[in-house]
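In: here's my sequence, what's the structure:
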Amino acid sequence: FFFERVRGNITHLRVLAEAMSTLDLVVSFAELALEPKGEGYTCPDVEEGGPLLIVEGKHPLLAGESAEPNSTFLSRDRPLELVSGPNLAGKSTYSRQVALVAILAHAGSFVPAKYARVPLLAQVLTRSTVTRDSGSIEDNLSSFYAEMQDIARVTRALGTCPGASLVVVDEIGRSTSEADGEAIAWSVAEHLLSSAGAFTVFITHYDLLGRLPEKYPGCLHRAFSSARGSKHQLTEAGSGPDQGLSEKQYGIDLAEGIGYPEEVVAEARELSRAASLAKARPPQAPRDPGFRLKAQARDHLEVLSLLFAKGLLSEGALRAELLGIQQQLQRLTAATATATNDGEDA
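Out: Next up, the predicted model:
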């Protein structure tokens, strides 16, 4: 009798369940909005076009903890952020943080950041490290094939979507030879840089990709520190393979800490040093030695403009920041003039 009554009212029960879930969502959003200012959540600005700016953002699961916040800036002129660093530094957490802040903003929720400005996105595409990376026996897929499927899905979606997209790529090419993996990762990064409307966070361990900013000013390389006990905070890395991607055998340190046999650890360290020496190449000088500083100054100006317009930066602080940028560019101009004169004298 009971089941007959349930069966007869199943439509009403479904509507009720949907209404309760919607109410639960709205109440959750309201609780975040009622959090005291400065407690970690803020109302984001979601606007048509323009850059993606997150100031001191955190992963939603870490918003109430003492996790180190990290900021993000992606724009039409700087659409790809290359992120490197050792294992356990927080690279994957950071990339998911950016995606989740964008999704929460579009859902109408407050976001875990000091300030967030999110452009209207048509889609959020991810190639992320998940359990599926171990492959699938049922589907007869290797882990590398699963990676390539994900990237193919991302590139196809970019090719058919006219709007802005946020792309998160968390390491690709790991499950094949190093040469093939580096080549695939580089080619995919190039493709994403050339894709109109794509804002990308691209995580990698490959040394070769440290050269991307030398060729593409639209790529910013940032790195987590490999120092033990350091805060999980991103800083801008220099271009070239020896600046930002070198992990100083952190992976081997981790293996040693877990309890690998001493002889295995010692042999791994020796082989790692030998391989690093064999691969060492002098970095190529960029065509314009000051292009990175100029691009950084342009990004800085755009961020200052957004923060000042929202009342998050005082007039005095804005003047001080602008004076600092002016002094940096003046030093760059003087250094360039000196180098030019020295070259003519020679």
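
In: just read off the phi/psi values of residue 44.
Out: phi -80, psi 160 (degrees, to the nearest 10).

In: dig out what the residue positioned nearest the centre of the chain forms beta bridges with.
Out: Closest to where the C-alpha atoms of the chain average out (C-alpha atoms, centre = their mean) is residue 201, at 3.5 Å. Note on residue 201: beta-bridge partners residue 81, residue 168, judged by DSSP bridges.

In: touching, it and residue 167? I think so.
Out: Yes - with contacts counted by C-beta atoms under 8 Å, residue 201 reaches residue 167, the gap being 7.4 Å. C-beta: built from backbone N, CA, C; applies to glycine.

In: which residues in the chain form strands?
Out: 45-47, 52-57, 70-74, 80-84, 115-119, 123-127, 165-170, 198-203, 219-224, 234-236 (DSSP state E).

In: pLDDT of the lengthiest helix in the chain, averaged?
Out: Longest helix in the chain by number of residues, with DSSP state H as the criterion: helix 315-345. For helix 315-345, mean pLDDT is 79.

In: can I get the strands of the chain in a markdown table with mean pLDDT?
Out: Formatted as a markdown table, these follow (pLDDT from 0 to 100):
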| stretch | mean pLDDT |
| --- | --- |
| strand 45-47 | 93 |
| strand 52-57 | 94 |
| strand 70-74 | 93 |
| strand 80-84 | 93 |
| strand 115-119 | 94 |
| strand 123-127 | 93 |
| strand 165-170 | 94 |
| strand 198-203 | 94 |
| strand 219-224 | 89 |
| strand 234-236 | 75 |
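
In: so can I have a markdown table of those strands showing distance to residue 295?
Out: Shown next, in a markdown table, are these (distance: least, C-beta to C-beta, whole Å):
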| stretch | distance to residue 295 |
| --- | --- |
| strand 45-47 | 23 |
| strand 52-57 | 16 |
| strand 70-74 | 11 |
| strand 80-84 | 12 |
| strand 115-119 | 20 |
| strand 123-127 | 25 |
| strand 165-170 | 20 |
| strand 198-203 | 16 |
| strand 219-224 | 8 |
| strand 234-236 | 11 |
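
In: closest one to residue 268 among those?
Out: strand 80-84 (20.5 Å; C-beta to C-beta).

In: which other helices and strands does the closest one contact?
Out: Under the contact criterion of 3 or more C-beta pairs under 8 Å, 6 or more residues apart in numbering; DSSP states H and E, strand 80-84 touches strand 70-74, helix 91-107, helix 178-194, strand 198-203, helix 212-215, strand 219-224.

In: ok, now with 10 Å
Out: strand 70-74, helix 91-107, strand 165-170, helix 178-194, strand 198-203, helix 212-215, strand 219-224, strand 234-236 (3 or more C-beta pairs under 10 Å, 6 or more residues apart in numbering; DSSP states H and E).

In: still on that earlier bit, which residues do residue 201 and residue 167 both contact?
Out: Common neighbours of residue 201 and residue 167, counting by C-beta atoms under 10 Å, 6 or more residues apart in numbering, are 80, 99, 126.
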